[in-house]
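[1] Sequence plus predicted model, see below.
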Amino acid sequence: MSHKITLSTQDNQHFEFYCEDQQNVQDAAEMAHLYPPFGCKSGSCGACLGTCETGDYQLESYSKDVLSADAAAKGGILLCRTIPDTDLHITLPYDSGSIQHTLNKPRDAEIISIDKIAERTLSVVLQLQDDPEVGLAFEFEPGQFVELEIPGLNLMRAYSLANTANWEGRLEFLIRLQPNGQFSEFLQTNSIGQHILVHAPSGAFVLNKQSLNPRCFIAGGTGISPFLSILRRMAEWAEDHPTHLFLGVNNEAEILCQEELVSLQQSLPQLTVEICVWKPEDNWQGFTGTPADAFKAYLQKKGSAIDVYLCGPPMLVEASTNVALEAGVDKQRIYSERFVSA
Ligand code: FES
């Protein structure tokens, strides 16, 4: 028996297709040539989050880091783990433009630089190889991520792009080294000249350009990557807009991209930056605490008519979301991207 699935996007577009018995919604969508943003397809990255408005379903096992019990109780689902029991109506937290209709084949890229930019954090630059159909170009929206695959190792990880789309085929990533992480291990033992496969850009963590509200960007560590991409694009296009960036790190040695942020502030005079150090040394002059703490203080002073963008570990995203909701920020104005250690 098959069930009718309706996906509704934020711009009020609707996509219908059928899901077979025991098939998950993501696979069924892809069979209908619809590719909503996805990553791991195993319930661990959170890229395929949605909300089920009507209908019954089962959720296969997934990481509670990407979908909390509370969110699941309110209809939160992961398309890749949702098995319908009835017809379903699902709303998605992005516009229809984020749903692709074809899936591009992965591109070959060479690692051209790896630099340590802060404690346990690398800046990695890839050079795409010329493609007979599209040349060097690689289109993506600031805020999106790609999956990087190490050929032969069956290893894939999703990382946000930190630079902006360019004709030279350069892709830049900020990668936090994880103890015993397979990808971290690869980057530390392999170097310049190695090849990696780059999958098509995905994700809906992009700016809502229609909104005139001031923006708050809240980043935990390398969660600054999509914001760097967004800010660089704003600077390239001289789109100055009231924007406050909170960057959270554990200690001063983990502070990253400080010089670049200062230079972005010169191009974007309405950009303010607040670095939040959780456990600083005695002589730290800046904010002590988490970005969620600093955000709470900001809301008390500035009010809740803002757009909030969150990227970082699930605990930070959850804490900051709660702070925003308690202060009265419109739920529709909170956009988030979580990442999990790998
Ligand atoms: S694609 Fe569904 S959780 Fe990763």
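    Great, that's in hand.
[2] Would you mind listing what in the protein touches the ligand?
    Contact residues, the chain versus the ligand (C-beta under 6 Å from any ligand atom): 38-41, 43-48, 66, 78, 80. Placement of C-beta: from N, CA and C, glycine included.
[3] can you redo the residues you listed as CSV with neighbour count?
    Written out in CSV, the entries for the residues of the chain next to the ligand read as follows (neighbours: other C-beta atoms under 10 Å):
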residue, neighbour count
Phe38, 20
Gly39, 22
Cys40, 21
Lys41, 18
Gly43, 20
Ser44, 19
Cys45, 28
Gly46, 23
Ala47, 25
Cys48, 26
Val66, 24
Leu78, 28
Cys80, 23
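[4] Inside helices: which ones of those?
    Secondary structure from DSSP state H places none of the residues of the chain next to the ligand in helices.
[5] List the ones among those residues that fall in strands.
    Leu78 (DSSP state E).
[6] What residues sit buried inside stretch 134-146?
    Residues of stretch 134-146 classed as buried by neighbour count (16 or more other C-beta atoms under 10 Å): 138, 140-146.
[7] could these go into JSON lines alongside secondary structure and pLDDT?
    Written out in JSON lines, the entries for these read as follows (DSSP: H, G, I helix; E, B strand; the rest coil; pLDDT from 0 to 100):
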{"residue": "Phe138", "secondary structure": "coil", "pLDDT": "89"}
{"residue": "Phe140", "secondary structure": "coil", "pLDDT": "91"}
{"residue": "Glu141", "secondary structure": "coil", "pLDDT": "91"}
{"residue": "Pro142", "secondary structure": "coil", "pLDDT": "95"}
{"residue": "Gly143", "secondary structure": "coil", "pLDDT": "95"}
{"residue": "Gln144", "secondary structure": "coil", "pLDDT": "92"}
{"residue": "Phe145", "secondary structure": "strand", "pLDDT": "91"}
{"residue": "Val146", "secondary structure": "strand", "pLDDT": "91"}
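[8] Can you tell me which of those residues is closest to the ligand?
    The shortest separation between the ligand and any of the buried residues of stretch 134-146 is 11.1 Å, and it belongs to Phe145 (by C-beta to the nearest ligand atom).
[9] Isn't the closest one up against Met156?
    No. Taking C-beta atoms under 8 Å as the definition, Phe145 is not a contact partner of Met156, at 11.8 Å.
[10] Tell me how far Tyr94 lies from the ligand.
    Distance from Tyr94 to the ligand, counting by C-beta to the nearest ligand atom, to the nearest Å: 14 Å.
[11] Quick check: nearest residue in space to that residue, chain neighbours excluded?
    Closest residue to Tyr94 apart from its sequence neighbours, by C-beta to C-beta, 6 or more residues apart in numbering: Ala204 at 3.0 Å.
[12] Next: Met31.
    With C-beta to C-beta, 6+ apart, the residue lying closest to Met31 is Phe17, at 7.5 Å.
[13] cool, and Arg107?
    Computed as C-beta to C-beta, 6+ apart, the closest residue to Arg107 that is not its neighbour in sequence is Val198, at 4.8 Å.
[14] Also Ala158?
    Using C-beta to C-beta, 6+ apart and skipping the chain neighbours, the partner closest in space to Ala158 is Gly39 (4.5 Å).
[15] my read: the one you found touches Ala200, true?
    No. Under the contact definition of C-beta under 8 Å, Gly39 does not touch Ala200, with a separation of 11.5 Å.
[16] one step back: can you give me every residue that contacts the residue nearest to Ala158?
    Applying C-beta atoms under 8 Å, 6 or more residues apart in numbering to Gly39 gives the contacts 45-48, 145, 147, 158, 202.
[17] Let me have those residues in CSV, extended by distance to His3.
    As requested, these are arranged in CSV below (distance: C-beta to C-beta, whole Å):
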residue, distance to His3
Cys45, 25
Gly46, 24
Ala47, 23
Cys48, 18
Phe145, 30
Glu147, 29
Ala158, 29
Ser202, 25
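[18] Next one, pLDDT for the one residue in the stretch 51-200 of the chain that gets nearest to the ligand please.
    When distances are taken as C-beta to the nearest ligand atom, the stretch 51-200 of the chain reaches nearest to the ligand at Cys80, 3.4 Å away. Taken from the predicted model, the pLDDT recorded for Cys80 is 95.
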